[in-house]
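Engineer: How does the following fold in three dimensions:
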Amino acid sequence: MNGDNKNLIITILAIIGGLVVLGWFLRLTFALLGPLFFIGAAVLIYLMFFKRNR
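Structural biologist: A predicted model of the protein is given here:
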């Protein structure tokens, strides 16, 4: 195996590894998107109602 083949294999493995990590990251992001949306809405409602009284 010469240097060009080794670099090509490392590049292909790096791309596959990057796609796997990106897939896990997107799955985690969408899994947490619902709870984060509700927490953000609750904080917004809290700020609207309780900051007005001060």
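Engineer: pLDDT value on residue 53, please?
Structural biologist: Residue 53 is assigned a pLDDT of 61 by the prediction.
Engineer: now swap in residue 1 and tell me
Structural biologist: For residue 1, the pLDDT comes out at 64.
Engineer: quick one: contacts for residue 50?
Structural biologist: Residues near residue 50 by Cβ atoms under 8 Å, 6 or more residues apart in numbering: none. Bear in mind the C-beta positions are built from the backbone N, C-alpha and C, glycine included.
Engineer: Tell me how far it lies from residue 41.
Structural biologist: 15 Å (Cβ to Cβ, to the nearest Å).
Engineer: Burial check on residue 20, number of neighbours?
Structural biologist: 10 (other Cβ atoms under 10 Å).
Engineer: That one is in what secondary structure piece?
Structural biologist: Secondary structure from DSSP states H and E places residue 20 in helix 3-50.
Engineer: Under the pLDDT cut-off, which ranges of this protein? List them.
Structural biologist: Judged against pLDDT under 70, the low-scoring parts of the chain cover residues 1, 52-54.
Engineer: any idea how far residue 42 is from residue 35?
Structural biologist: For residue 35, the distance to residue 42 - Cβ to Cβ - is 11 Å.
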